[in-house]
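In: coordinates only, sequence not included:
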């Protein structure tokens, strides 16, 4: 398989085609997920070249469905994978594995194997990172532009529910990110507790 050509193709598509209103699900997020997936894979002891290549391909394609649709973007991204990766020399089995990895990131996440767990954790790595606030603010702006959230109070309530229900899958992500994520949740709960009653 020509992994580099597949990467070049999708990165060019994302650069050209993603709407400017995708302030969170933009190229920066895709590159961030690919980097986090690589870091997690190394820490989790994944060393075989093929699984690492498929994981990186899936990371770079995991939000490609946003080129076409907002809802059910994982399924649309998988269609793009099936349409393009065979042309880059990916076998049918490799194509289906990439699709399975992408579909695992759909929320609520349901990773079926170790690689899927790594990609799921990479996708939401920022929840337990120091740059949580600017990244989550970019998601707030995106959801507002999509008219999927009413106001800031609704946003913080959504964040509270999401952070409460979310958990990391890999031992590495649990060790690295769970405690900072819980600190973010405490901060959000405190803000909600002190929200003006007029809200």
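Out: Great, that's in hand. On a predicted model such as this, the values are computed, not experimentally measured, just so you know. Numbering: from 1, shown residues only.

In: Where is the longest helix in this protein?
Out: For the chain, the helix that runs over the most residues, judged by DSSP state H, is helix 171-193.

In: Can you mark which positions in that helix are buried?
Out: Neighbour counts over helix 171-193 (16 or more other C-beta atoms under 10 Å) mark 172-173, 176-177, 181, 184-185, 188 as buried. Any C-beta I mention is one placed from the backbone N, CA and C, and that applies to glycine too.

In: Report the separation between residue 81 and residue 40.
Out: As defined by C-beta to C-beta, to the nearest Å, residue 81 lies at a distance of 21 Å from residue 40.

In: what do you get for residue 71?
Out: Plainly put, residue 71 is 28 Å away from residue 40 if you go by C-beta to C-beta.

In: higher neighbour count, the two?
Out: For residue 71 against residue 40, the residue with the higher neighbour count under other C-beta atoms under 10 Å is residue 40, and the figures read 25 against 9.

In: tell me which element that one falls in.
Out: Here residue 40, judged by DSSP states H and E, is contained in helix 27-43.

In: And the closest residue in space to residue 37 that isn't next to it in sequence, how close does it get to residue 190?
Out: Beyond its immediate neighbours in the sequence, the residue positioned closest to residue 37 (C-beta to C-beta, 6 or more residues apart in numbering) is residue 122, lying 3.9 Å away. Separation of residue 122 from residue 190 (C-beta to C-beta) stands at 28 Å.

In: got it, and residue 116?
Out: With the distance defined as C-beta to C-beta, residue 116 ends up 34 Å from residue 190.

In: Also residue 57?
Out: Going from residue 57 to residue 190 by C-beta to C-beta gives 41 Å.

In: Then residue 20?
Out: When C-beta to C-beta is applied, the distance between residue 20 and residue 190 equals 33 Å.

In: before we move on, the earlier item: compute the inter-axis angle for the longest helix of the chain and helix 27-43.
Out: Here helix 171-193 points in a direction 130 degrees away from that of helix 27-43 (axes from the mean of the first three to the mean of the last three C-alpha atoms, to 10 degrees).

In: Pull the distance from helix 171-193 to the chain's centre.
Out: Distance of helix 171-193 from its chain centroid, counting by C-alpha atoms, centre = their mean, to the nearest Å, is 18 Å.

In: same thing with stretch 79-89?
Out: Relative to the centre of its chain, stretch 79-89 is centred 21 Å away, using C-alpha atoms, centre = their mean.

In: before we move on, what about stretch 115-128?
Out: Chain-centre distance of stretch 115-128: 7 Å, with C-alpha atoms, centre = their mean.

In: go on, stretch 57-68?
Out: Computed by C-alpha atoms, centre = their mean, the chain-centroid distance of stretch 57-68 equals 9 Å.

In: where are the low-confidence patches of the chain?
Out: Scanning the chain for pLDDT under 70 picks out the ranges 198-199.
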